[in-house]
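Enquirer: Make a model of this:
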Amino acid sequence: MPDNTGIYASFSLEPVEQTFLTEKEGRPIFADKEFVRIFIAGDKHTEVYREVTDNDKQRFADAYKRFKEGAAAREQLTGTPLSQWPYLKPSQIKELEAINIYTVEQLAALSDTAKQKIGMGANELTAAARGYLATAENSSAASAFAAENERLKGEVGRLQEQMKEMALRFEALEREGEGKGRGRQAA
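Expert: Purely as a prediction, here's the structure:
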């Protein structure tokens, strides 16, 4: 085991955007990933910050265990974080996170019992969340159609250029053939 004297690690759970899902759904989608910050005591210029590796988990086993025990309270989530939804104010986000609602998807799927914990305005919030998700889904389909349309336009343009080029070549061959044909008639 390496000597870790003076070397410390701090683990955290960070939202990382899932580019493929974001493009597919038409709204920001994030998944929680474990990150580690490794630093040397007394050296503010040397620091490593990256996604956790198995080696990090073994090398800093005590710090990782403490992190996991603390992070177990909040399961790893995939969806649109409330902070990425412009509809909510920061105070509303904090209130919802206090009752373990972290994503727009969770908010949209709230039961009536859970809505009571939010209090007044809960029905409007859940309806707005459902509307946002539906709009994003429709927008995603529209974006996909628009992207496909642009791709097809480019393909049509490319094919038209090829057709022009072929027509020019064909005309050149015809002229060349006519020139040879006249030569034979004269002989």
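Enquirer: burial measure for K117, as a count.
Expert: When neighbours are defined as other C-beta atoms under 10 Å, K117 has 15 of them. Using the backbone N, CA and C atoms, a C-beta is placed for each residue, glycine as well.
Enquirer: Now do it against S111, distance only.
Expert: 10 Å (C-beta to C-beta, to the nearest Å).
Enquirer: what do you get for I99?
Expert: Counting by C-beta to C-beta, the separation of I99 from S111 is 12 Å.
Enquirer: again with A127
Expert: Counting by C-beta to C-beta, the gap from A127 to S111 is 14 Å.
Enquirer: ok, now E69?
Expert: 29 Å.
Enquirer: Equivalent analysis for G177, please.
Expert: The gap separating G177 from S111 is 81 Å, by C-beta to C-beta.
Enquirer: same deal with L152?
Expert: Applying C-beta to C-beta, the value for L152 to S111 is 45 Å.
Enquirer: can you check V52 too?
Expert: Distance of V52 to S111, computed by C-beta to C-beta: 34 Å.
Enquirer: for R158, same thing?
Expert: 54 Å.
Enquirer: same check, this time on P81
Expert: To S111, P81 is 21 Å away according to C-beta to C-beta.
Enquirer: more crowded one of these two?
Expert: Higher neighbour count among P81 and S111: P81, with 18 against 9, using other C-beta under 10 Å.
Enquirer: what sits against the more buried one?
Expert: Counting by C-beta atoms under 8 Å, 6 or more residues apart in numbering, P81 makes contact with P15, P28, F30, Y102, T103, V104.
Enquirer: Surely the first one forms part of a strand?
Expert: Yes. The secondary structure assignment for P15 places it in a strand, going by DSSP: H, G, I helix; E, B strand; the rest coil.
Enquirer: On the strand side of things, show who it bridges to.
Expert: D32 (DSSP bridges).
Enquirer: what number of residues lie near it?
Expert: 20.
Enquirer: so where does H45 fall, helix or strand?
Expert: Per DSSP states H and E: H45 is located in strand 43-51.
Enquirer: repeat for S91
Expert: Element membership for S91 (DSSP H and E) is helix 90-98.
Enquirer: Equivalent analysis for R169, please.
Expert: Counting by DSSP H and E, R169 is found in helix 122-186.
Enquirer: related to what we said a few turns ago, so what are the sheet partners of the strand holding H45 and their directions?
Expert: Counting by DSSP bridges, strand 43-51 is paired with strand 30-40 (antiparallel).
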